[in-house]
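Visitor: this is a predicted model, with the sequence first.
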Amino acid sequence: MKKYLSPGLLILFFVLSAIGHYAHWPATLEFFIAAIAVIFVAGFLGKATESVAHYAGQRLGGFLNATFGNAAELIIAILLVKEGLFDMVKASITGSIIGNLLLVLGLSLFAGGLKFKVQKYNVTLAGMNGSLMIVAIIALFVPAIFLNTHVLHEEDRNSLSLVVAGILIVAYLLWLVFSMITHKNYLADVTEGGDQELPHEHEPAWSKKKSILYLVVATVMVALVSEWLVHTLDTLTSRFGLSELFVGAFVVAIVGNAAEHSAAIMLAMKNKIGAAVEIAVGSSLQIALFVAPVLIFVSHLFGKPMDIVFTVIELAAIGVSVFIAKSITQDGQTNWYEGFLLLAVYLILGVSFFLV
């Protein structure tokens with residue numbers, strides 16, 4: 001590992017965070033220790049992702065990072081669904097989508113753009129990602145409009161939610177088949193004389209098997225530390241009178257995506273923008289097209305049905321995020337100013353949610 005990612009400090013703060021959580025240390029102390037632990041663990045996950053991407057390619061490496069990162073969020077969300085905290089679940093889903101599309105992608109384009117004037121990736125993939133984002137918006141808007149305008153009966157709420165969730169899951173699984181199998185080469189990483197992937201500039205520190213193992217270990221560590229950190233938020237946020245919507249959509253989402261933030265930014269700064277975009281946009285798509293629908297089915301298994309109807313505020317936030325992200329990424333090339341525009345929209349939404 002690099003000097004800034006000391007294994008000793010990584011293990012030290014992870015252990016301290018665990019002790020603080022189970023020994024019930026003061027919430028403020030526990031929060032700061034867990035926050036530091038998240039930084040180190042996120043760096044570990046970023047390095048593991050970079051190493052896997054070297055062997056598997058930028059797209060698959062980014063996909064694995066997004067999938068492992070969202071697996072942790074899915075587990076936490078299932079626990080919240082079991083407790084019937086549907087508003088918090090929907091707020092966190094909203095936060096994950098807009099956080100990845102605006103904050104993670106924005107920081108990645110901004111940081112990478114400062115180092116490289118223009119960064120390019122597969123323009124066809126950019127167009128497909130845009131289309132999938134539009135499908136996700138349609139799937140969330142239609143149930144809300146039909147139910148809130150009372151053209152459907154209230155008892156149809158759960159039926160419509162299950163049907164829409166099922167269609168989204170099928171659409172996502174077929175997208176994986178399309179992008180990873182039948183049209184893999186069609187959506188391959190952009191390479192211009194070797195400048196884009198730079199495979200020999202930074203040789204991976206670990207072997208292929210060790211890289212995959214460390215990716216799994218890092219993901220488990222991220223899931224644990226994130227949960228410990230989220231556990232302290234109720235106490236801290238209550239002192240500042242923050243709303244549940246703001247906490248779920250921004251605070252929990254930022255903490256939960258900390259690993260993806262660092263991994264995407266690190267890859268963008270190494271001119272591996274394909275992997276960075278795959279982490280940010282791919283993670284948002286995975287949340288909207290797979291994680292959220294799965295939670296609908298899981299809630300029925302618990303006997304506490306959750307619908308797929310989001311509030312107007314949440315739909316507006318997701319809608320503007322998809323609109324600006326699609327507008328910026330559809331040409332297959334990026335620069336630092338486009339990253340700033342994404343961050344500007346994120347700040348506008350953040351202030352608006354904070355004042356709710």
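Guide: Now that the structure is in, tell me what you want to look at.
Visitor: where does this structure have low pLDDT?
Guide: 1-5, 58, 72, 189-203, 244, 253, 256-260 (pLDDT under 70).
Visitor: where exactly do the strands run in the stretch 1-150 of the chain?
Guide: Counting by DSSP state E, counting those that start in this stretch, the stretch 1-150 of the chain has these strands, from start to end: 119-120.
Visitor: these two touch, right, residue 231 and residue 20?
Guide: No. Proximity of residue 231 to residue 20 does not meet the contact threshold set by CB atoms under 8 Å, at 10.0 Å. In this view, the C-beta of every residue, glycine as well, is placed from N, C-alpha and C.
Visitor: the two: which is more packed in?
Guide: Legend: neighbour count by other CB atoms under 10 Å for residue 231 and residue 20, higher for residue 20 (22 against 15).
Visitor: residue contacts, the more buried one?
Guide: 29-30, 33-34, 228 (CB atoms under 8 Å, 6 or more residues apart in numbering).
Visitor: the longest helix in the chain is where?
Guide: Ranked by residue count, the top helix of the chain under DSSP state H comes out as helix 27-56.
Visitor: now it: buried residues?
Guide: Residues of helix 27-56 classed as buried: 27, 30-31, 33-56 (neighbour count, 16 or more other CB atoms under 10 Å).
Visitor: that one packs against which elements?
Guide: Applying 3 or more CB pairs under 8 Å, 6 or more residues apart in numbering; DSSP states H and E, one finds that helix 27-56 makes contact with helix 7-22, helix 58-82, helix 208-231, helix 233-240, helix 258-268, helix 273-286.
Visitor: how far away from the center of its chain is it?
Guide: Between the centre of helix 27-56 and the centre of its chain there are 14 Å (CA atoms, centre = their mean, to the nearest Å).
Visitor: angle of that helix against helix 258-268?
Guide: In terms of direction (axes from the mean of the first three to the mean of the last three CA atoms, to 10 degrees), helix 27-56 departs from helix 258-268 by 40 degrees.
Visitor: what's the angle from helix 27-56 to helix 273-286?
Guide: Interaxial angle of helix 27-56 relative to helix 273-286 (the same axes, to 10 degrees): 120 degrees.
Visitor: now the angle between helix 58-82 and helix 27-56, please.
Guide: Using the same axes, to 10 degrees: helix 27-56 against helix 58-82 is 140 degrees.
Visitor: angle of helix 27-56 against helix 208-231?
Guide: Using the same axes, to 10 degrees: helix 27-56 against helix 208-231 is 160 degrees.
Visitor: between helix 27-56 and helix 233-240, how many degrees?
Guide: Using the same axes, to 10 degrees: helix 27-56 against helix 233-240 is 130 degrees.
Visitor: stretch 302-321: how far from the chain's middle?
Guide: 17 Å.
Visitor: any idea how far apart the tips of it sit?
Guide: Length of stretch 302-321, first residue to last, CA to CA, to the nearest Å: 32 Å.
Visitor: what do you get for stretch 255-275?
Guide: 21 Å.
Visitor: and stretch 95-106, by the same measure?
Guide: Stretch 95-106 end-to-end distance (CA to CA) = 15 Å.
Visitor: so how far is it from its chain's centroid?
Guide: 7 Å.
Visitor: could you point out which element follows the one helix or strand residue 321 maps to?
Guide: Using DSSP states H and E, residue 321 sits within helix 312-329. Later in the chain than helix 312-329, the nearest helix or strand by DSSP H and E is strand 333-334.
Visitor: nearest residue to residue 252 other than its sequence neighbours?
Guide: residue 92 (5.1 Å; CB to CB, 6 or more residues apart in numbering).
Visitor: repeat for residue 332
Guide: Using CB to CB, 6+ apart, the closest residue to residue 332 is residue 123 (3.0 Å).
Visitor: what does residue 66 give?
Guide: Residue 66 sits nearest to residue 283 (CB to CB, 6+ apart), 3.8 Å away.
Visitor: same deal with residue 53?
Guide: residue 61 (2.5 Å).
Visitor: for burial, what's the neighbour tally of the one you found?
Guide: Neighbour number of residue 61 under other CB under 10 Å is 28.
Visitor: contacting residues around it?
Guide: Per CB under 8 Å, 6+ apart, neighbours of residue 61: 49-50, 52-54, 275, 278.
Visitor: let's see 6 Å
Guide: Contact partners of residue 61, counting by CB atoms under 6 Å, 6 or more residues apart in numbering, are 49, 52-53, 275.
Visitor: can you check residue 51 too?
Guide: 204, 206, 211.
Visitor: quick check: chain neighbours aside, which residue is closest to the last one?
Guide: In this case it means residue 211. residue 51 (3.9 Å).
Visitor: same question, the second one
Guide: In space, and not counting its chain neighbours, residue 206 is closest to residue 51: 5.2 Å by CB to CB, 6+ apart.
Visitor: one more: residue 320?
Guide: That would be residue 345: by CB to CB, 6+ apart, it lies 6.4 Å from residue 320.
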